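S.K.: missing the sequence, but the structure's below:
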């Protein structure tokens, strides 16, 4: 893939476009931001760099050695095997992926890792209903917010039932 310079003096990228899309995710390579269904997800710098290495050549095996060289260049004094494992595991955690049933990052025993999801590159972000240039959730609530809202309704319902029972008990004892 050709290397092209990023704007604003940033490091050059090895991607044909500014945005990489896979599954529910969109990566803004220039701003180094990952979004899931329009909601920004925080990434540690090494986890972001590991994602970039894997996205450069999706569906191809990337050796552990190449990941080590890209994330820890030179003669750094770190435990590379443990750090590569930890970094890839953190990436899986961010993506909601698992090594047993990979949707994004597959471990290739004794060889390395492979980004297995379809990746599409684009020069513009996904269409959103919000203000141009800002990422908005696809719906009124993001996936995690909807789960919290459902849990809040369950707790509210249980509280109402318990409160009603307490009132009935109070009335019965008062007779």
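M.R.: That came through, no problem. Predicted, not measured: the structure shown is a model, and the values here were computed from it. Numbers count the residues shown, from 1 in each chain.
S.K.: can you list the domain ranges for this structure.
M.R.: Taking automatic domain parsing as the domain assignment, the ranges for the chain are 19-137, 140-175.
S.K.: ranking those domains by burial, who's on top?
M.R.: Each of the domains of the chain was given a mean neighbour count from mean count of other C-beta atoms under 10 Å, and the largest, a mean of 15, is that of domain 19-137. Yep, even glycine has a C-beta here, placed from its N, CA and C like the rest.
S.K.: Tell me the gap between stretch 163-175 and the middle of its chain.
M.R.: 50 Å (C-alpha atoms, centre = their mean, to the nearest Å).
S.K.: Show me where this protein has its strands.
M.R.: In the chain, the segments counted as strands under DSSP state E are 19-22, 25-28, 33-36, 39-41, 61-63, 105-108, 112-115, 120-122.
S.K.: Now render the ones you listed as CSV, adding mean pLDDT.
M.R.: Putting the strands of the chain into CSV (pLDDT from 0 to 100) gives the following:
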stretch, mean pLDDT
strand 19-22, 96
strand 25-28, 96
strand 33-36, 96
strand 39-41, 95
strand 61-63, 96
strand 105-108, 96
strand 112-115, 96
strand 120-122, 94
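S.K.: Residue 83 is nearest to which of the ones you listed?
M.R.: Ranking the strands of the chain by their distance to residue 83 (criterion: C-beta to C-beta) puts strand 112-115 first, at 13.8 Å.
S.K.: Report all helices and strands that that closest one contacts.
M.R.: Using 3 or more C-beta pairs under 8 Å, 6 or more residues apart in numbering; DSSP states H and E as the contact criterion, the neighbours of strand 112-115 among helices and strands are helix 45-56, strand 61-63, helix 64-71, strand 105-108.
S.K.: what do you get if the cut-off is 6 Å, keeping everything else the same?
M.R.: Contacts defined by 3 or more C-beta pairs under 6 Å, 6 or more residues apart in numbering; DSSP states H and E place strand 112-115 against strand 61-63, strand 105-108.
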